[in-house]
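Undergrad: Okay, predicted coordinates and the sequence, questions at the end:
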Amino acid sequence: MINLSVNINKIATIRNARGGNIPNLAKFAMDCEKFGADGITVHPRPDERHITLKDVHDIAENIQTEFNIEGYPDERYMKIIKDIRPKQATLVPDPPNVLTSDNGWNIEKDKEMLIPIIQSIKDLGVRTSLFVNADEKSIRAAALTGTDRIELYTGPFAEHFHQNPSEAIRSYIEAANIAKECGISVNAGHDLSLDNLKYFAENVTHLDEVSIGHALISDALYFGIENAIQMYKRCLLNHF
C-alpha cells in the first residue's frame, strides 16, 4: 500500500486569515489520522504565513502516525528537526519568498551543502528525503548524498496529464526505476489530485508515499475531510 501523508498547511492558512485557533491544527491532524491518513506533512516557513513553530510542537505532541516536516535546511529548520525528531525531514530548495515548492534541488550545485546536512539529520534518527525533479541526473546525484528517499516533484506531470497522460508519466516511471536501482525509496508530491492520482499510482512502481495538501483540502470543502481522505486512499489501493 502506498502511504498518504496529508499536508495541512492550507488549514493553517484558513485559521490565520481570522486569527485565534479555529480550525485547531492539532485536532485537525488527529482527525486526519482517525480518518485514515498515514502521515501528516507541514512546511513551517520562516514568515509563519501558515504553519507556526507552535503548530509544529502541538502536532508532534498529539499525532501517532508519521510526521513529515518540509523545509529549506537553514539554521531554523535544523533546530526544528533536532527538537521535534519527526519520522521524516523533506528538504526543499525554496528561498523564503517562494509561494510553494515548484522545483527540485540542483543537486550537483548544492551537494557539498546537502551531504553533511543529510548526515546530521540521519544521526538524529530522522529519515531524510530530497525534493527532486524526475530526471536521471537528479536521481543519481541524490543517491550519492546519502539521502534515504527522494520526493519526485509532480507539478509537470499534473500540468500535462490531461493533454497526454502517457507522455506526462514517462519520466516518473523512469525516475522511480532508477531510484530503486540506486537503493533509495520514492515519495511524490505537488498537484496530485483525484483526477490524476490513480493513474500515477498505477504506473509508477516502487512508490512509497504521496504527500497531498491543496487538492485534498479543496476537495474536503465539498466532500468533508473524512470522505476526501478515503477517496484519495482508494486511488492508492493495490498499487505496489
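TA: Received it, and whenever you're ready, just let me know what you need.

Undergrad: Quick check: bridge partners of the residue most central in space within the chain?
TA: In the chain, the residue lying closest to the centroid (C-alpha atoms, centre = their mean) is residue 211, at 4.0 Å. Under the criterion DSSP bridges, residue 211 forms beta bridges with residue 5, residue 189.

Undergrad: Now that it has come up, it's in contact with residue 9, right?
TA: No - under the criterion of C-beta atoms under 8 Å, residue 211 is not in contact with residue 9, lying 10.6 Å apart. All C-beta atoms are positioned from the backbone trio N, CA, C, and that covers glycine.

Undergrad: quick one, helices of this structure?
TA: When assigned using DSSP state H, the helices of the chain occupy the ranges 9-18, 25-34, 53-62, 75-84, 107-123, 136-143, 155-160, 165-182, 197-203, 214-223, 225-235.

Undergrad: Now tabulate those helices in TSV and tack on mean pLDDT and distance to residue 129.
TA: Compiled in TSV, the helices of the chain are given as follows (pLDDT from 0 to 100; distance: least, C-beta to C-beta, whole Å):
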stretch	mean pLDDT	distance to residue 129
helix 9-18	97	17
helix 25-34	98	19
helix 53-62	98	17
helix 75-84	98	12
helix 107-123	97	10
helix 136-143	97	9
helix 155-160	97	17
helix 165-182	98	11
helix 197-203	98	17
helix 214-223	98	19
helix 225-235	98	20
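
Undergrad: In CSV: those, plus mean neighbour count.
TA: What follows is these, written out as CSV (neighbours: other C-beta atoms under 10 Å):
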stretch, mean neighbour count
helix 9-18, 16
helix 25-34, 20
helix 53-62, 16
helix 75-84, 16
helix 107-123, 16
helix 136-143, 20
helix 155-160, 17
helix 165-182, 17
helix 197-203, 19
helix 214-223, 17
helix 225-235, 18
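
Undergrad: With distance to residue 94 added, can I get those in JSON lines?
TA: Compiled in JSON lines, the helices of the chain are given as follows (distance: least, C-beta to C-beta, whole Å):
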{"stretch": "helix 9-18", "distance to residue 94": "13"}
{"stretch": "helix 25-34", "distance to residue 94": "21"}
{"stretch": "helix 53-62", "distance to residue 94": "17"}
{"stretch": "helix 75-84", "distance to residue 94": "11"}
{"stretch": "helix 107-123", "distance to residue 94": "13"}
{"stretch": "helix 136-143", "distance to residue 94": "16"}
{"stretch": "helix 155-160", "distance to residue 94": "13"}
{"stretch": "helix 165-182", "distance to residue 94": "21"}
{"stretch": "helix 197-203", "distance to residue 94": "23"}
{"stretch": "helix 214-223", "distance to residue 94": "15"}
{"stretch": "helix 225-235", "distance to residue 94": "24"}
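
Undergrad: Now do the same contact list for the residue nearest to the centre of the chain.
TA: 5, 6, 7, 39, 41, 68, 90, 151, 187, 188, 189 (C-beta atoms under 8 Å, 6 or more residues apart in numbering).

Undergrad: before we move on, what about residue 230?
TA: 35, 36.

Undergrad: Then residue 44?
TA: With C-beta under 8 Å, 6+ apart, residue 44 has these contacts: 51, 52, 53, 55, 56, 69, 71, 77, 80.

Undergrad: And the pLDDT at residue 94?
TA: Note for residue 94: predicted pLDDT of 79.

Undergrad: Surely it and residue 72 touch.
TA: Yes - counting by C-beta under 8 Å, residue 72 is a contact partner of residue 94 at 5.3 Å.

Undergrad: Distance check, the residue found closest to residue 86 once you drop the neighbours it is linked to in the chain against residue 117.
TA: In space, and not counting its chain neighbours, residue 86 is closest to residue 67: 4.0 Å by C-beta to C-beta, 6 or more residues apart in numbering. Using C-beta to C-beta, to the nearest Å, we find residue 67 at a distance of 19 Å from residue 117.
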